[in-house]
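Enquirer: return atomic coordinates for the entry below.
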Amino acid sequence: LTDPYTRVDVRPTGRHVQVLAGDELVAESHSPLRLDETGLPTRWYLAPGDVRAALEPSDTSTYCPYKGRAGYRD
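Expert: Residues are numbered from 1 along each chain as shown. Now for the predicted structure:
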């Protein structure tokens with residue numbers, strides 16, 4: 001069920017985003033998507049081509065009534 005008081009906004013942005021694992025740069029983008037959702041911190045989505053690290057598909061998946069099913073990588 002969806003909540004009429006919850007809002008989900010996804011917007012493209014030119015913000016520079018870097019993802020670090022310790023001191024190692026594993027992803028970087030100048031065109032990420034910014035996801036803002038009521039009650040949650042901002043999340044940044046990067047295109048697969050922006051990821052430098054080798055990632056393997058995970059068995060984990062989740063479902064959100066607003067965003068749909070999500071798969072993950074480790």
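
Enquirer: and the residue most central in space within the chain, what are its phi and psi?
Expert: By C-alpha atoms, centre = their mean, the chain has its centre lying nearest to Tyr45, at 3.3 Å. The phi/psi pair for Tyr45 (degrees, to the nearest 10) reads phi -110, psi 130.

Enquirer: please apply the same query to Asp50.
Expert: Torsion angles, degrees, to the nearest 10, at Asp50: phi -90, psi -10.

Enquirer: residue contacts, it?
Expert: Contacts for Asp50 (C-beta atoms under 8 Å, 6 or more residues apart in numbering) come out as Ala27, Glu28, Ser29, Pro32. For glycine as for every other residue, the C-beta is placed from the backbone atoms N, C-alpha and C.

Enquirer: before we move on, back to that, I'd assumed Ser31 was in contact with the residue nearest to the centre of the chain.
Expert: No. Contact status for Tyr45 versus Ser31: not in contact, 10.5 Å apart, counting by C-beta atoms under 8 Å.

Enquirer: longest single strand anywhere in the chain?
Expert: Longest strand in the chain, counting residues (DSSP state E): strand 57-64.

Enquirer: outside of that one, which residues touch it?
Expert: Contacts of strand 57-64 (C-beta under 8 Å, 6+ apart): Arg69, Ala70, Gly71, Tyr72, Arg73, Asp74.

Enquirer: okay, and the beta partners of the third one?
Expert: In this structure, Gly71 bridges to Ser61 when assessed by DSSP bridges.

Enquirer: low-confidence ranges, the chain, go.
Expert: By pLDDT under 70, the weakly predicted segments of the chain are 1.

Enquirer: so the residue of it most remote from its centre, which of the three states?
Expert: Ranked by distance from the centre of the chain (C-alpha atoms, centre = their mean), the top residue is Pro4, with 23.1 Å. Following DSSP: H, G, I helix; E, B strand; the rest coil, Pro4 is assigned to coil.

Enquirer: how about the contacts of strand 57-64 in a markdown table, adding distance to Thr62 and neighbour count?
Expert: Shown next, in a markdown table, are the contacts of strand 57-64 (distance: C-beta to C-beta, whole Å; neighbours: other C-beta atoms under 10 Å):
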| residue | distance to Thr62 | neighbour count |
| --- | --- | --- |
| Arg69 | 7 | 8 |
| Ala70 | 5 | 10 |
| Gly71 | 9 | 10 |
| Tyr72 | 8 | 11 |
| Arg73 | 13 | 12 |
| Asp74 | 15 | 9 |
